[in-house]
Each structure stands twice: as structure tokens, then as C-alpha cells.
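Engineer: This is the structure alone, sequence omitted:
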């Protein structure tokens with residue numbers, strides 16, 4: 001297993017780089033490097049959206065990836081403090097991901113010459129910057145409480161991309177580093193709280209997200225309509241996504257925060273380019289007008305058969321639920337719908353595609369709201 005280096009507010013911390021898979025569009029497997037976490041099998045850990053019962057820190061904590069006892073305990077402390085302060089589960093995900101980046105969930109004291117200034121603890125908070133005394137900061141519960149205290153003061157923090165919310169609290173020299181921990185932080189919160197990262201933003205505790213709602217993990221359905229054709233079925237073994245029965249003119253939403261990585265017209269008939277501004281047919285090849293978005297941990301989502309050129313551009317940052325196009329039937333299509341794919345490992349090819357219905361349900365954004 002290779003070793004990676006995580007930079008926590010200027011400090012270099014060698015950590016074990018694990019490999020996980022969980023997201024594709026058309027085929028494949030995706031990985032995030034940190035603590036190894038195995039891909040979930042269909043139907044595994046897909047129930048529960050959290051409970052109102054607080055974490056018991058004296059009980060046995062479930063295993064998550066390669067986290068050791070100390071790391072699981074520190075994650076549980078962060079979550080329990082969030083529960084006690086009545087912070088929504090989205091905040092638990094943000095806080096755990098932040099601590100993963102800053103300290104790999106180890107409660108580091110002063111490391112001498114390896115220290116970044118006077119940074120200490122799970123969140124690498126600095127006494128000289130007003131976070132508290134060294135003894136206070138080294139108390140995981142105190143450190144988590146200070147993190148949440150600043151998070152709560154950020155307007156609309158629940159709906160911000162994790163990187164943005166974490167950076168506004170931490171003011172780190174590496175503001176884009178937090179996002180890569182969001183998938184693993186989601187897994188940790190789900191494992192320790194009976195699926196709280198699948199809860200809907202703004203809803204009562206334990207309420208699952210439905211179509212059109214954003215989950216605590218930061219995901220939402222691209223359209224509210226359900227699946228009309230599944231992933232790699234017996235009659236369509238090369239169908240690397242799912243078809244969602246969205247009527248023509250339905251607004252398509254970004255499934256999660258990310259960066260637009262592709263906007264393209266892909267259509268041909270008999271080997272000759274075909275217009276994406278006209279209805280396609282089963283004889284036309286290609287995705288028509290489509291968009292790809294790259295998310296944290298190398299996940300790619302793809303949205304096909306739009307009715308017109310999408311209103312987003314390559315390099316544009318989008319947030320969960322942001323409109324990115326309008327459904328239609330351009331390209332290889334027999335009628336209006338949205339073809340939706342999820343890919344892992346930054347692999348946009350068939351080899352990187354996974355079943356979107358399983359992936360989205362695991363993130364609390366079940367396609368069709370079921």
C-alpha cells in the first residue's frame with residue numbers, strides 16, 4: 001500500500017494512502033486516498049438516515065475503512081459534540097473531513113520543528129490566533145466545539161461546498177485540500193450514526209432526503225423523475241448509466257458540488273456529425289448535448305441528451321442542485337429523458353462506470369426519491 005502525504009496547515013504528515021471505489025458513469029471504479037475503504041456492494045448499508053440518539057463514546061464503535069481505534073474515537077467525539085450543539089449532520093461531515101485533512105484524526109501535540117507555528121490538535125488550531133490555550137485545544141471536544149462555533153456563524157453554511165465551508169472556518173493555506181475527504185467523512189458519519197449523512201438538509205433529524213432535496217453528504221438527484229432504464233441490463237449490457245424519465249424541458253441539476261470538466265455536442269449519423277439542436281433517434285449515435293462534472297475523490301457525473309447547449313462552461317464551479325441544462329432527446333435517444341452516469345477514479349470511460357442508483361442511494365439522494 002503506497003504512502004501519501006497530507007499537508008495540514010503547512011505541516012507535512014505522512015499517512016497511509018488507501019484506495020476506495022464508489023462512483024462512475026458508464027463503467028469503472030473510483031478511489032480516494034487516505035484510509036482504505038472497500039466499495040459497497042448493492043444493497044449494503046442503504047438504510048437509516050440517522051437517529052436522535054446521541055453517540056455513546058463508551059461503547060464499541062464500528063470499523064470504517066482503515067481507521068484505528070484512536071481515529072474512530074476522535075471522529076465520534078466530533079460527531080457527538082455536533083449532536084450536543086444541535087448542529088445538522090452536514091456539519092458533522094464538514095468537521096470530520098476537516099480534521100482528516102488537518103490531522104488525519106490524530107490529536108497531535110507540539111511536534112517541535114515539524115510543527116506549523118503553534119498549531120495543535122485535531123483541527124490544528126493555534127493558541128496565538130485565539131482558538132484557546134494549548135490545553136484546551138488538545139481536548140478534542142473543546143476543539144470540535146470551537147470549529148462548530150465558527151461554522152455556525154457562516155451564512156448558509158449547510159449549502160456551501162465542503163471546501164468553502166471548511167476554509168471559511170480554518171483559513172488554511174491549502175483551501176482546496178478539504179474536498180477530497182468528503183466521501184470518506186460521509187462513510188464515517190454514516191457508520192457511526194446509522195446513516196445520518198443521508199439525512200435531508202433542513203429537515204427534522206433522521207429524515208431521509210427525497211428527490212429535489214440535498215442530503216447531508218452534499219448530493220441531490222439531477223431530476224425528480226425515476227429510472228425507466230437501468231444500468232447494464234440484460235438487454236442493454238453496455239448501458240453505462242440509467243435513464244431518468246424527465247420530460248422535455250425539465251431542468252437538470254448538478255448532483256453535487258464540483259467543476260464542469262466537459263460540455264460537448266456528441267452526435268453522428270452514419271459516421272457524419274449530426275446536430276445536437278435537433279431531436280435524435282435510435283439511429284443517431286452519441287450523447288447529444290451533454291455535461292460532465294468532476295467531484296471530490298475523482299468522481300465524475302455525466303448528464304446526456306440535453307435539448308440545447310448547456311448554460312455552463314468548462315472550468316466553472318457548480319454547487320449541488322445548481323441548474324446545468326435542460327432535458328431533451330438529442331443524440332442516441334428514442335424520446336425525452338436524462339441519461340445519468342457516475343464514474344470513479346477520474347475515469348470517464350466505460351471501465352470507470354458504476355451503477356448510479358446504488359451510488360446515489362448510499363449518498364442519501366435516491367434516484368426517483370425512493
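Structural biologist: Happy to help now that I have it. Keep in mind the model is a prediction, meaning the values are calculated, not measured.

Engineer: hey, let's count contacts and neighbours off CA atoms from now on
Structural biologist: OK.

Engineer: pretty sure residue 217 contacts residue 363?
Structural biologist: Yes. Contact criterion C-alpha atoms under 8 Å: residue 217 and residue 363 qualify, at 6.0 Å.

Engineer: Which of those two has more residues huddled nearby?
Structural biologist: Counted by other C-alpha atoms under 10 Å, residue 217 and residue 363 do not tie: residue 217 has more neighbours, with 32 against 26.

Engineer: contacting residues for the more buried one?
Structural biologist: If you count contacts by C-alpha atoms under 8 Å, 6 or more residues apart in numbering, residue 217 has them with 90, 93, 182-183, 186, 197-198, 363-364.

Engineer: same thing but 6 Å
Structural biologist: Going by C-alpha atoms under 6 Å, 6 or more residues apart in numbering, residue 217 touches 186, 197, 363.

Engineer: Quick check: closest non-adjacent residue to it.
Structural biologist: Sequence neighbours aside, residue 197 is the residue nearest to residue 217 in space, at 4.9 Å (criterion: C-alpha to C-alpha, 6 or more residues apart in numbering).

Engineer: Does that neighbour touch residue 219 like I think?
Structural biologist: No. Counting by C-alpha atoms under 6 Å, residue 197 stays clear of residue 219, with 9.8 Å between them.

Engineer: Please enumerate the helices of this structure.
Structural biologist: For the chain, the helices defined by DSSP state H occupy 69-84, 89-103, 134-137, 140-152, 162-170, 182-193, 356-362.

Engineer: What mean pLDDT does the fourth one get?
Structural biologist: Put plainly, it is helix 140-152. Per-residue pLDDT over helix 140-152 has a mean of 98.

Engineer: now what about it, what contacts it?
Structural biologist: Helix 140-152 has contacts (C-alpha under 6 Å, 6+ apart) with 78, 137, 169.

Engineer: and if you look at the longest one?
Structural biologist: Residues external to helix 69-84 that are found in contact with it (C-alpha under 6 Å, 6+ apart): 55, 92, 105, 144.

Engineer: for the second one, what are its contacts?
Structural biologist: Under the criterion of C-alpha under 6 Å, 6+ apart, the contact list for residue 92 reads residue 79.

Engineer: And the third one, by the same measure?
Structural biologist: Applying C-alpha under 6 Å, 6+ apart, one finds that residue 105 lies in contact with 71, 99, 122.
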